[in-house]
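Peer 1: Sharing a sequence plus its predicted fold:
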Amino acid sequence: MKRLKIFASLVRDSLDVITHGSKKYHIWMAFLTFVMLVGMYCYSIQLDQGLSVTGMTDRVSWGLYISNFTFLVGVAAAAVMLVMPTYVLKDIDFKQAVLIGEGLAVAALIMCLAFVVADMGGPSVLWHMIPGIGVFNFPNSMLTWDVIALNGYLFINISIPFYILSRHYQGKESKKSIYIPGALISVFWAVGIHLVTAFLYQGLQARPFWNNALLGPRFLASAFAAGPALIILVLAIIRTFTEFKIEDKTIKKIALVVTVAAQINLIMLVSELFKEFYAPTHHSESAYYLFFGLDGKTALLPWIWTAISMNVLATVILTFHKLRNNLRVLYFACFLLFVAIWIEKGFGLIVPGFIPGPYGKIAEYTPTGIEIGVTLGIWAMGALVFTILARTAIKIETGKLRYKE
Amino acid sequence: MSDNNKKWFTLNLNSSRHKQTSNSCGCGKNSGGCNSHNEKKEMSDEEFYEAAVDASIGEERNKDGFQQVFDVKMDRRSAFKKLTASLLIGAGAVSSCTSVISSDETKEKAQINWEEQFKGNYKLMNDDEKKATVDRLVRSYQLRTGKNISMSSKNAEDDVLFGYAFNISKCQGYMDCVSACVEENNQDRNSQMEYIRIHEMKDGKGFNFNEADDNYYHEVPAEGHFYMGTQCFHCDNPPCVDVCPVQATWREDDGLVVIDYDWCVGCRYCMAACPYDGRRFNWSKPQVPEEEVNKNQHYLGNRMRKKGVMEKCTFCVQRSRAGKNPACVEACPTGARIFGNLLDPKSTIRWVLENKKVFRLKEDLGTEPKFWYFMD
């Protein structure tokens, strides 16, 4: 009974916290709500008329939704780069950042699930996938592995911070024996979700662009660059707008993680490019399409070259200590890196997998307004979820929010 | 000719016109151009194409997808109705549907919809359950349109394994197979969905799919070209089946790879996994004019589909399990298509496999297609 009472009080208090705030906060939340409503309107059109309102066709059957899903799995997985040093290697520097990182993971995972649902042709029969009442094609289908991995990771990332925060809310210390095993599992699980998501594509012999042993490792490297880069940007914003203290030391340490991951990512990119272009085979055509265009079809060219140059520039900036330790330059580099990897690991990965088609047909893909509307709506939802989580967490951590008996 | 507004129908017209022109041609040649009235034909082809496109999409041609959707008089009410409908069903609104006020027919409809929404996977049903769902679907169609259809739930027979052979020397690209397939299998007329693609290849270039055209609108056979058809190959080791998260697609005992349209969640993973471009998706609600609906149906075959689900060639399961040839085989005017039971040593398909130099596409992928190509 007591636990229930504490939980009810926590919900009530956090509702209070998230509905009150400065003018800027209200404008921000109103903006996100507006974008979400537009997204929902677009989605209602899609539900009514079918996926024909998107730019996807029988030739390119996955587009913006699955691209964003793939990228966001990486962002979610990146929380582990903060969890591991804090809880496993006992480097207390990261302690404040961890709750933020896990909040980000929760938001990213919710966005992932939303993108998958948005991509479904029949969202009303999704219960077919629930084990027990439906049929769950485990272990044959990698998609079922992914469902387990994502939902498990979501559960871990909700329960650990919830435990820690609810203890702090009552003014007690959290017990290490309870959250350390969870943190350990989450470390392996994070690597798992990203590898499993890569296997989703890697296991298709029909698509040579994806059927490539480097895909999984490269997913990990790019995720551990883009995810923490986003965390740095978020921490920078939180530092400016709230009283939550985040030391420079913490940010610089995360920057080191970003740097190493970005360097490894670049090495793997070189390896991929070498394989595709030194001795091009029939299977290199997708790469040719992506980087140089095929038959005058060049829709992805501006995107991928922007991504590559941003990626290289950001990695070079991060590599020099002097530049990296200048926080303004660091934020700029992190932004570049984040956008670059969003392009590269998003539609730069998904769309060329379908082009050329199984019989060499080159049909390009351009997202429609509706598709973009739904996508923006889901991003706004993610931002809203994160804002709510972070705001409550910060109030508890700074001691403003306490359980009153 | 009154059906010009449907683009898919051009295929049919193309072939019938071919017959007309070759009949009216003085040179007496049955295949290939005779060069005597090439120019005129080319013009009419162009005009015809223009007219067909205009008629089918009309003013929409100049709009992008965004405009097409936003300029339409959007029926918001129905959109929201649909949004809440599934929620209501989930909440158990069936009790209100079966209230005393509504008529018996409405009640029955609601009852059928309820049972259909929550039925299981066809693959796992026993024969009684299969019959029950087929009866419901037939009754539901009757309630909706007042017309009767016959739907079969016939299972695979013992000692049957279906296989297909395609004679590259014979195919002239008439696409009668494509039209017959669309009509037989009740495919969506709006999106021109076609299971079969005929690839027009240049002589002397070998099987060069990259330079082939699978969407041609001109008289066939075009000089200096040969033709090759592809469709679902009903692989013995189908990659599409493994990847399906809900087992909505599977390989039947007679080798047919089929889909339970009602169980499919529409994730399109199978489409990404198919190396042969064999699968199609219903991007919007499939439309078939009532008078064109083929009423001889099979649950796993040509019954009406809904939007947001996969479909594909089933070797016309409604025909092949009734001992007939698939529609494409029957429609082919050149005899390029051969279908039969691979386990019957006296079948034509076995004769082809034993006496011709046959090959299959992308054999290196280990998918074991049951679709062979050969030449005379």
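Peer 2: In hand now; what should we look at?
Peer 1: Now do the same for A:S186: helix, strand or coil?
Peer 2: Here A:S186 is recorded as helix under DSSP: H, G, I helix; E, B strand; the rest coil.
Peer 1: which residues touch it?
Peer 2: Residues near A:S186 by CB atoms under 8 Å, 6 or more residues apart in numbering or on different chains: A:79-80, A:83, A:153, A:156-157, A:160. (Glycine included, C-beta is placed from N, CA and C.)
Peer 1: got the residues of the stretch 151-300 of chain A near chain B?
Peer 2: Residues of the stretch 151-300 of chain A lying close to chain B (CB under 8 Å from any CB of the partner chain) are A:200-201, A:203-207.
Peer 1: hmm, which of these are the buried ones?
Peer 2: Buried members of those, scored by 16 or more other CB atoms under 10 Å in any protein chain shown, are A:200-201, A:203-204, A:206-207.
Peer 1: between these, which is closest to B:W114?
Peer 2: A:L200 (34.4 Å; CB to CB).
Peer 1: thinking that closest one is in contact with A:L143, fair?
Peer 2: Yes - A:L200 is within contact range of A:L143, at 6.5 Å (criterion: CB atoms under 8 Å).
Peer 1: shared neighbours of the two, which are they?
Peer 2: Joint contacts of A:L200 and A:L143 (CB under 8 Å, 6+ apart) are B:Y269.
Peer 1: Averaging pLDDT per element, find the lowest-scoring helix or strand in the chain.
Peer 2: Using chain A here. helix A:80-83 (a mean of 79; mean pLDDT, DSSP states H and E).
Peer 1: wait, I meant chain B there
Peer 2: That would be, for chain B by mean pLDDT, DSSP H and E, helix B:10-24 at a mean of 36.
Peer 1: What is the burial count for residue 249?
Peer 2: The chain I'm using is chain A. 10 (other CB atoms under 10 Å in any protein chain shown).
Peer 1: Please refer instead to chain B.
Peer 2: The number of residues near B:T249, taken as other CB under 10 Å, comes to 24.
Peer 1: ok, for it, nearest residue in space, not its chain neighbours?
Peer 2: B:I259 (4.6 Å; CB to CB, 6 or more residues apart in numbering or on different chains).
Peer 1: what do you get for A:A383?
Peer 2: Per CB to CB, 6+ apart, closest to A:A383 is A:L32, 5.5 Å.
Peer 1: the strands in chain B, which residues?
Peer 2: B:150-152, B:162-167, B:197-202, B:225-230, B:249-251, B:257-259, B:279-281, B:296-298, B:310-312, B:337-341, B:371-374 (DSSP state E).
Peer 1: Let me fix that, I meant to ask about the stretch 151-300 of chain A.
Peer 2: Taking DSSP state E, counting those that start in this stretch as the criterion, the stretch 151-300 of chain A carries no strands.
Peer 1: Where does pLDDT dip in it?
Peer 2: Within the stretch 151-300 of chain A, no range satisfies pLDDT under 70.
Peer 1: and the closest residue to chain B within it, how far is that from A:K245?
Peer 2: Residue of the stretch 151-300 of chain A nearest chain B, by CB to the nearest CB: A:A206 (3.6 Å). Going from A:A206 to A:K245 by CB to CB, to the nearest Å gives 52 Å.
Peer 1: got it, and A:L233?
Peer 2: Counting by CB to CB, the gap from A:L233 to A:K245 is 18 Å.
Peer 1: more neighbours, those two?
Peer 2: Neighbour count, other CB under 10 Å: between A:L233 and A:K245, A:L233 has more, with 15 against 11.
Peer 1: three-state assignment of the closest residue to the more buried one other than its chain neighbours?
Peer 2: Closest residue to A:L233 apart from its sequence neighbours, by CB to CB, 6+ apart: A:C334 at 5.5 Å. When classified by three-state DSSP, A:C334 comes out as helix.
Peer 1: My guess is A:C334 contacts A:V234. True?
Peer 2: No - taking CB under 8 Å as the definition, A:C334 is not a contact partner of A:V234, at 10.0 Å.
Peer 1: So for the two, which sits in the more crowded spot?
Peer 2: The neighbour count for A:C334 versus A:V234, taken as other CB under 10 Å, is higher for A:C334 (28 against 17).
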